[in-house]
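*Asks:* I'll drop the sequence and a predicted model, then ask my questions.
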Amino acid sequence: MIEVNHFEEVIQIKMSREMGGRPLYWVAAYLVDGLLIDTGCRHTAEELAGFLEGKDIRLVVNTHHHEDHVGANAPVREKFKARILAHPAAVPLINRIPGLNPYQELVWGYPEPAEAEPLPGIIKTEKYTFQVVETPGHCKDHIALFEPSKGWCFSGDIFVSENQKVLRADEDINEIARSVEKLLQIKTERLVLFTSIGRVVEDGRQALRVYLDYLRELSRKVRQLDKEVMPINAIRDRIFGRESSLCQFTGGHYSSENLIRSLLSQDGE
Ligand SMILES: [Zn+2]
């Protein structure tokens, strides 16, 4: 299923596999001035291609290689002959998507491969100029796109919520925090976040500051308990009550324990 929303000149296309008439999990792509940012998942690829029919799609940028961001690359490239650009480290992973966990196959599906190319530091469309901001942490090849004249920031999966309780097994929370700081250092009056879960945050700076403060406080608590030689699962239960239900659904790929482990990794502050 698809839901379309408009924010200024940005078209948000929210997509989800439908089960029993309900959305399973939303992921958003954005279309602005001929530039399509991400393409959703395999399960909604045909729906997205149908929605884009008759529109002017000149370029596709993938914020990173994950299967819920590149799922319609192939049909979009085929239909519009649009080039697909991504971080150099994402290119081989988009050209050949790594194997997926069973929950990822269920929710998003395995994307049909489509050839991507490394993106330059600046992306120009007819009316706008987008700066590519490297924002690793969620994965190594994650980028955000920032448009200075409008203050738009397409932030992919780098920011989900101000009080994050779970982390993917392969994410680095300390690197995520550094990427968030990088976004906060952008000199701009306005920073509107267009996130991949479909949340648009008008005061993006405020949300990112609250998120960073939350992570710092969480890190402080976790480190204190670790100093008291408390085991990781006990720290988790003390702070979050118990493991998240997402942990069971994803076979442990997302968990609160991952978040605690990553906060305690030597890279942390
Ligand atoms: Zn992702």
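*Replies:* Received, thanks.
*Asks:* switch to C-alpha atoms for all contacts and neighbour counts from now on
*Replies:* Fine.
*Asks:* Show me where this structure has its helices.
*Replies:* 45-52, 73-80, 91-95, 102-107, 173-184, 204-227, 232-240, 245-249, 256-263 (DSSP state H).
*Asks:* To Thr63, which of those lies closest?
*Replies:* Thr63 sits nearest to helix 91-95 of all those, at 11.1 Å, using Cα to Cα.
*Asks:* what comes into contact with that closest one?
*Replies:* If you take Cα atoms under 8 Å, 6 or more residues apart in numbering as the criterion, helix 91-95 is touched by His65, Val70, Leu85, Pro113, Ala114, Glu115, Ala116, Glu117, Pro118.
*Asks:* can we see that at 7 Å?
*Replies:* Contacts with helix 91-95, where a contact means Cα atoms under 7 Å, 6 or more residues apart in numbering, come from His65, Pro113, Ala114, Glu115, Ala116, Glu117, Pro118.
*Asks:* picking that back up, winner for burial among the helices of the chain?
*Replies:* Stretch with highest mean neighbour count among the helices of the chain: helix 256-263 (a mean of 23; mean count of other Cα atoms under 10 Å).
*Asks:* Convert that one to PDB, retaining C-alpha atoms only.
*Replies:* Extracted C-alpha coordinates of helix 256-263, given in PDB (Å, rounded to 0.1, in the frame of the first residue of the first chain):
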ATOM      1  CA  SER A 256      17.900  -3.300  23.400                       C
ATOM      2  CA  GLU A 257      20.900  -5.500  24.300                       C
ATOM      3  CA  ASN A 258      22.500  -4.500  21.000                       C
ATOM      4  CA  LEU A 259      22.100  -0.900  22.000                       C
ATOM      5  CA  ILE A 260      23.700  -1.300  25.400                       C
ATOM      6  CA  ARG A 261      26.600  -3.400  23.900                       C
ATOM      7  CA  SER A 262      27.200  -0.700  21.300                       C
ATOM      8  CA  LEU A 263      27.200   2.100  23.900                       C
END
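*Asks:* Give the rounded mean pLDDT of it.
*Replies:* Mean pLDDT, helix 256-263: 97.
*Asks:* Run through who's touching it.
*Replies:* With Cα under 7 Å, 6+ apart as the criterion, helix 256-263 contacts 165-169, 172-174, 219, 222, 232-233, 236, 243-244.
*Asks:* how does it look with 6 Å?
*Replies:* When contacts are defined by Cα atoms under 6 Å, 6 or more residues apart in numbering, helix 256-263 is touched by residues Lys165, Val166, Leu167, Ala169, Asp172, Ile173, Ser219, Glu243.
*Asks:* Of those residues, which is the most crowded?
*Replies:* Ranked by the number of neighbours (other Cα atoms under 10 Å), those place Ile173 first, at 26 neighbours.
*Asks:* re the thing from before, in strands, which of the contacts of helix 91-95 appear?
*Replies:* Glu117, Pro118 (DSSP state E).
*Asks:* Make CSV out of the contacts of helix 91-95 and add pLDDT and distance to Val200.
*Replies:* Output for these, formatted as CSV (pLDDT from 0 to 100; distance: Cα to Cα, whole Å):
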residue, pLDDT, distance to Val200
His65, 97, 22
Pro113, 89, 29
Ala114, 91, 28
Glu115, 94, 29
Ala116, 97, 27
Glu117, 97, 28
Pro118, 98, 27
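*Asks:* I'd like the contacts of helix 91-95 written out as TSV, with distance to Ile57 added.
*Replies:* Listed next are these as TSV, based on distance: Cα to Cα, whole Å:
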residue	distance to Ile57
His65	20
Pro113	19
Ala114	16
Glu115	16
Ala116	16
Glu117	17
Pro118	18
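*Asks:* Now the two most distant members of the contacts of helix 91-95.
*Replies:* Using Cα to Cα, those span at most 15.6 Å, a distance reached by Pro113 and Pro118.
*Asks:* in stretch 143-159, what's buried?
*Replies:* 143-148, 150-159 (16 or more other Cα atoms under 10 Å).
*Asks:* among the contacts of helix 91-95, which ones are buried?
*Replies:* Buried among those by 16+ other Cα under 10 Å: His65, Pro113, Ala114, Ala116, Glu117.
*Asks:* Closest one to Pro102 out of those, please.
*Replies:* Proximity of the buried ones among the contacts of helix 91-95 to Pro102 (Cα to Cα) peaks at His65, which lies at 17.8 Å.
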